[in-house]
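Asker: for reference, the sequence and a predicted model appear below.
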Amino acid sequence: SQQGEEDPQALSIQEGENATMNCSYKTSINNLQWYRQNSGRGLVHLILIRSNEREKHSGRLRVTLDTSKKSSSLLITASRAADTASYFCATDARGAQKLVFGQGTRLTINP
Amino acid sequence: ETGVTQSPTHLIKTRGQQVTLRCSSQSGHNTVSWYQQALGQGPQFIFQYYREEENGRGNFPPRFSGLQFPNYSSELNVNALELDDSALYLCASSFSRGAGELFFGEGSRLTVL
């Protein structure tokens, strides 16, 4: 079963604009991660944020985590055509072996 | 590229057949996890292998089985294939057991007719 729910399911913006995707989850977590997937290929890890962190940056990516609301957001600034992909959040519970993925947000960057 | 390789990339089987998918993990990684991704969905955890032993299993029936070899490569076997087994099967390796950062292969796309 999916734990995370991404919002929106699909997002289309112009190149250069910022893209924001949201993820909500149901149970307590240890970490939350974001992955990118191009056209049904393998997933690429973007960033990991721990449950005791509130914000993390990596290049043009900014991730926030609000454990009281059980939600996270991924912001991609100054979007590029190459950012077109599906983005998934994934959570894990303490001591768990598995990541639980949401259904993803399909991001399209229009040139 | 992650250094995780999967084979075959695509295959077509008929209902009732058996399939074996293979995965070579990234150098230095001792843990392999397998995920199933149906079209339009997020990946779902099948199981994890750590140092040749199963280290956790998701909600999949026993006809899904696996192996990990001494070089940490892995196989996923699915018996008695059903139409709903059609999916992208993803292998991911990691430095240690648990659910940290995963390094995914490009996947094996299985179609069951």
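Answerer: All right, it came through fine.

Asker: from here on, contacts and neighbour counts on C-alpha atoms
Answerer: Will do.

Asker: need the residues of chain B near chain A, please.
Answerer: Within chain B, the positions lying close to chain A (CA under 8 Å from any CA of the partner chain) are B:40-45, B:47-48, B:55-56, B:58, B:88, B:90, B:97-99, B:101-107.

Asker: what separates the residue lying closest to B:Ile46 once chain neighbours are set aside from A:Lys69, distance-wise?
Answerer: Leaving aside its sequence neighbours, B:Ile46 sits nearest to B:Gly58 (CA to CA, 6 or more residues apart in numbering or on different chains; 4.8 Å). Taking CA to CA, to the nearest Å as the measure, B:Gly58 falls 26 Å from A:Lys69.

Asker: cool, B:Trp34 as well?
Answerer: On the measure of CA to CA, B:Trp34 and A:Lys69 end up 30 Å apart.

Asker: quick one, which of the two is more surrounded?
Answerer: B:Trp34 (26 against 10; other CA atoms under 10 Å in any protein chain shown).

Asker: ok, now which ones touch that one?
Answerer: B:Phe45, B:Ile46, B:Phe47, B:Gln48, B:Leu76, B:Tyr89, B:Leu90, B:Cys91, B:Ala92 (CA atoms under 8 Å, 6 or more residues apart in numbering or on different chains).

Asker: closest to chain A out of these?
Answerer: Nearest to chain A among the contacts of B:Trp34 is B:Phe45, at 6.2 Å by CA to the nearest CA.

Asker: so what's that closest one bridging to?
Answerer: B:Tyr35 (DSSP bridges).

Asker: I figured it hits A:Leu99, correct?
Answerer: Yes. In terms of CA atoms under 8 Å, B:Phe45 counts as a neighbour of A:Leu99; the distance is 7.0 Å.

Asker: quick one: neighbours of the closest residue to A:Phe101 other than its chain neighbours, just the number.
Answerer: In this structure, A:Phe101 finds its nearest non-sequential neighbour in A:Ala90, 4.3 Å apart by CA to CA, 6+ apart. The tally of other residues near A:Ala90 (other CA under 10 Å) stands at 27.

Asker: what secondary structure does A:Ala90 sit in?
Answerer: strand (DSSP: H, G, I helix; E, B strand; the rest coil).

Asker: before we move on, the earlier item: which PyMOL command selects the buried ones in the contacts of B:Trp34?
Answerer: To isolate in PyMOL the members of these that are buried, counting by 16 or more other CA atoms under 10 Å in any protein chain shown, one can use:
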select buried, chain B and resi 45+46+47+48+76+89+90+91+92
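
Asker: could you work out the most separated pair of the contacts of B:Trp34?
Answerer: B:Gln48 and B:Tyr89 (13.4 Å; CA to CA).
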